[in-house]
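Asks: have a look at this prediction, sequence included:
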Amino acid sequence: MPVSTTTLSDGTIIICETDKDVKLPPTPPSSPSSRSASPLLSTEAPAADQQTTASKKKKKKKTKKPVKSKAPSGGTKQPSAGEEDRPSVLCISRNKHWRYISSYHGPWLQLPVELLESLLVINLDPATLSSSEPRLPALPPPSPGNGSNGVMQRARGFAGLADHSPPDSPHGAFANLPSPPPLPTPKPGKATPPPIDPGVFRSVTHIRRLIDEASELSVRASSGLSAAALGSMRGGTGYSQNPWALAHSLGLGGYGESSNGRNVAMSAMRVHRLRVLAVQKLAAAYKADEIASSVMVMQGGSVFDDIAERVLKVDPNDLDARYVHFFHEKIPSRQLAESTSTSLLDSLIAAQPHRLEFFRTRGIVHCFRDEFAMAVKDFTYVLKESRAQRKTKMAHLTSGMPSEQRTKGKKRKGKPGGTKTFGQAPADGTSSPPNVDGSTIDGPDGEPLLLHPSVLPDAPDPIEPQCLFLRGAAYLQHAVYLIEQTILKLEGIRKDSTLDGAELRLCYIENGRYGGVEIGNPEGPLGSKQGEKLNAYQQALGNEEFKEQIFSLVKKSLRDHERFLSHFDVLEGPPIDPVDDVDPSRKAEHAFLLSQSFRPGSHNPPPEPLHYDMPATFTTYHPLLVESHFSILLCHVLLGDFPTLLPAFYRTALLVEGLEGYPVFLPPRSMAQAEFVEILERLAGGWRTGIQPHSLMRSTCLAMELSSRSQKAKEVERPRVLSILPPEPMAISTSNSLLTPSIGVNGSSSSSAIHPSNPPSGRVSPQPSSNRIDLVDSLDYARMLLVPVAARQREKAEKAAAEKIAEKAAGRNGKKKPVSINIPLHGPRVEIIMAWLGAVHLVELDMVA
């Protein structure tokens, strides 16, 4: 009998029938271990083997006949032409195409639900991070015999918990690591933020329970198991349990019982009801968070493949089944936009207009289909209705309170700092000063602990910050889409979908009019300054109306991402004294090295901290936090605001370094992070003006040169200087800028030589002074960003050259190294942004260089 095995999320293996029409044989096919253990099965084994061999022979004859019949009837040319017209395409479920799936991976997919709920309680407890001393007893050092793996190096939120690692994992690797640095203390009157966002934590815990229950129901409907039989089967631990108990639970045999488990097949109505219950739980999970639910459903294999489709065969109007089938429907791989329409979601919204989750899903589909205006409309509606529902819910809760508490609340509203805005989060985050009466609990030692607003009843639902993020991403993608369409029109290329779903990159345009974006050209991403390509791109992308449209979309994206980040508080150390602080160039270098260290697949160690006595920056974890931070940096790049980009990059690197979602989430793989780092590397390797010495480097070189001169050298040099000064009459007009050519803000020797009488700020220039000042400052900050990147690239090139020379010296020149597969982690947005920079911003910066 053909059977299939299904592995549940907890490791339980369930054997299911794949063909219901085949009746159960009297005894199952036996294995060598079972034959040695049971004499009854060993006597009946030959009969079973004869039946299986006979069925195999019949199947071989049946499969051979159509093959022989197709060969003479079809001919040789027609099948080949049909195969060419219809090539084989990989079809996968629609939910596997959802964006940001890699941000939701983590141990929450495998941990027991009870443990997840316990961790949720610990996460909501303000004493988890507010106490200076650890409340839990110290864990013993890990030994090869125990099952713990020590405390993770970056587990700040749950540093006192044990690491539940598999028994076969390596032990003692982190035994000698130092304890995590202390967290910064919150401001007076502010509550300590939780380690992980409570809304997301509740969602994934709820999703985990729903999908586990749905998996159980689906397995019962497929195999005919009762709840008691399935529970007894799950009492063991995989294959280590008693095999007879497993067979008895599946109805495959027993200890001489005549019933042999469930002999009577489950009725069709009962099977349908089980599937309907499973679909209802799946729909509730997708409504809670469709990204996290997609990740969880993918862990279950083929348990949920056709469950919604089978329910729809009985009841085509089941809304939950239609919603679940939308995610589980098989479509060609990487062709979601061409294979998905919004008609199903439109009908679901018409049937249940109060379900905001349908609007969120439709907005995501609109983004896939490049219908960004309609996506923004859906996300905006969700935000407006979610805030209105939250306001109504709080009004209903306050109306049920006694009159004394309501009057206290009204009086409290008039106090400064006690107001709450329901439209959006406050400017300093969601940790507004809490109420002393209703927002405190007793700590372990009896001291009052402030509750964070994110754990209170009036906290925003998880859909609200998520739609803020999605709307900000839609604005940014809309701006990039408009730039790409303008470039494709300029190049005379039409963007068509391919069979393999490959994305069009502007650096690999073959039949374009101008050749697209160039990589590694020192003149810039668009080639020479006098070239035809740069002029054409500048006329197309440098149009004032078009630039205003792009800048408007980018600023809206920046606004939404900042509002999204305002929901998560940040604990930082005290401000650093400007005397003790480092210069911006060192901050840029530190930020780039940090971003290289936590890049996926990187083996670079993190750099040494710039301030050893400063506590690590801490913020509440959210799976989309890293993507949002680097999307803000991309917005600054599109705006050409390099003076704002540098400190934002430094702060983002510090935040991401201290970000930790363990033991619930793994570090996310951010597409925006990979794209931002790739843009810096492209600019450093393909824009000569951007890697020239900046003002701080020139001033440092000048100070080192002056300090290296001895007093004797200065005395010898002084008569020569006095003899040269009289014949120079222009020294009177340049007395205030005698040293400015070497320490100017722009840091360029050519500009110093051309304009020796102008100060580095350019205020005396007859040109528009304010614009020139901004461009000079932007160029200087851009050089501070790109110089350490270029230095890192030179270091890698020198290391590779040294390794090649060493191989030649060792006589291994003839041996070929295995070709390393270099899969780019970034998307096609890198080339689009590079083209925008080359046509709009780099041209202006080259003019003031």
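Replies: Done, it's in. Numbers count the residues shown, from 1 in each chain.
Asks: quick one, longest helix in the protein?
Replies: Using DSSP state H, we find that the single longest helix of the chain is helix 769-809.
Asks: helix or strand right after that helix?
Replies: Using DSSP states H and E, the helix or strand that follows helix 769-809 in sequence is helix 829-836.
Asks: give me the contacts around the helix or strand just after that following helix.
Replies: Using DSSP H and E, the helix or strand that follows helix 829-836 in sequence is helix 842-847. Identification of contacts with helix 842-847 by CB atoms under 8 Å, 6 or more residues apart in numbering yields 524-525, 529, 534, 538, 542, 687, 689-690, 775, 778-779, 782. For glycine as for every other residue, the C-beta is placed from the backbone atoms N, C-alpha and C.
Asks: how about L625, what does it touch?
Replies: With the criterion set at CB under 8 Å, 6+ apart, L625 makes contact with 565, 568, 619, 659.
Asks: could I get the residues you listed in TSV, plus columns for distance to V787 and pLDDT?
Replies: Putting the contacts of L625 into TSV (distance: CB to CB, whole Å; pLDDT from 0 to 100) gives the following:
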residue	distance to V787	pLDDT
L565	29	96
F568	32	94
T619	29	92
L659	27	90
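Asks: what residue ranges in the stretch 101-250 of the chain score low on pLDDT?
Replies: Counting by pLDDT under 70, the low-confidence segments of the stretch 101-250 of the chain come to 130-182, 229-250.
Asks: what are the ranges of the helices in it?
Replies: 113-124, 127-130, 198-223, 227-233, 243-249 (DSSP state H, counting those that start in this stretch).
Asks: just checking, P623 touches Y100?
Replies: Yes: using CB atoms under 8 Å as the test, P623 is close enough to Y100 to be in contact (7.3 Å).
Asks: shared neighbours of those two, anything?
Replies: I291.
Asks: pick out whichever of those two has more residues nearby.
Replies: Shown here are P623 and Y100; by other CB atoms under 10 Å, P623 has more neighbours (27 against 22).
Asks: how close does the closest residue in space to the more buried one that isn't next to it in sequence sit to E357?
Replies: Once flanking residues are discounted, P623 sits nearest to S103: 4.1 Å by CB to CB, 6 or more residues apart in numbering. Distance of S103 to E357, computed by CB to CB, to the nearest Å: 19 Å.
Asks: tell me which of these two has more neighbours.
Replies: Legend: neighbour count by other CB under 10 Å for S103 and E357, higher for S103 (24 against 19).
Asks: Three-state assignment for I441, please.
Replies: In three-state terms, and counting by DSSP: H, G, I helix; E, B strand; the rest coil, I441 is strand.
Asks: please name the bridge partners of it.
Replies: L449 (DSSP bridges).
Asks: thought it was touching L124?
Replies: No: counting by CB under 8 Å, I441 does not reach L124; the two are 10.3 Å apart.
Asks: which of these two has more neighbours?
Replies: Between I441 and L124, counted using other CB under 10 Å, the more crowded position is L124 (17 against 11).
Asks: which residue is the nearest non-sequential neighbour of that one?
Replies: Leaving aside its chain neighbours, L124 sits nearest to V455 (5.0 Å; criterion: CB to CB, 6+ apart).
Asks: for the one you found, what are its contacts?
Replies: Counted by CB under 8 Å, 6+ apart, V455 has contacts 124, 194, 198.
Asks: quickly note the distance from it to A191.
Replies: Where A191 is concerned, V455 sits at a distance of 9 Å (CB to CB).
Asks: kindly report the same for A227.
Replies: 43 Å.
Asks: these two - which one has more neighbours?
Replies: Neighbours per residue (other CB under 10 Å) separate A227 from A191, with A191 holding more: 25 against 11.
Asks: contacts only, for the closest residue in space to that one that isn't next to it in sequence.
Replies: Closest residue to A191 apart from its sequence neighbours, by CB to CB, 6+ apart: L450 at 3.8 Å. Counting by CB under 8 Å, 6+ apart, L450 touches 126, 189-192, 434, 439-440.
Asks: swap in L594?
Replies: 606-607, 653-654, 656-657.
Asks: assumed it was part of a helix.
Replies: Yes: note on L594: a helix contains this position according to three-state DSSP.
Asks: over to the spatially closest residue to it that is not a sequence neighbour: give its phi and psi.
Replies: In space, L594 comes closest to A653 once its chain neighbours are excluded; the distance is 4.1 Å by CB to CB, 6+ apart. Main-chain torsions, A653, degrees, to the nearest 10: phi -60, psi -40.
Asks: and if you look at L625?
Replies: Backbone torsions of L625, given as degrees, to the nearest 10, read phi -70, psi -40.
Asks: from S386, how far off is it?
Replies: Taking CB to CB, one finds L625 at 20 Å from S386.
Asks: poorly predicted segments of the stretch 501-650 of the chain, please.
Replies: For the stretch 501-650 of the chain (pLDDT under 70), the answer is 501, 600-601.
Asks: now the helices for it?
Replies: 532-541, 544-565, 584-597, 625-639, 642-658.
Asks: can you name the residues in contact with stretch 462-470?
Replies: With CB under 8 Å, 6+ apart, stretch 462-470 has contacts from 197, 199-200, 202-203, 288-289, 356-357, 360, 363-364, 367, 375, 379, 382-383, 386-387, 390, 560-561, 563-564, 567, 622, 624, 627-628.
Asks: 6 Å - rerun?
Replies: 199-200, 203, 379, 382-383, 386, 560, 563-564, 567, 624, 628 (CB atoms under 6 Å, 6 or more residues apart in numbering).
Asks: most neighbours of all the contacts of L594, which one?
Replies: A653 (24 neighbours).
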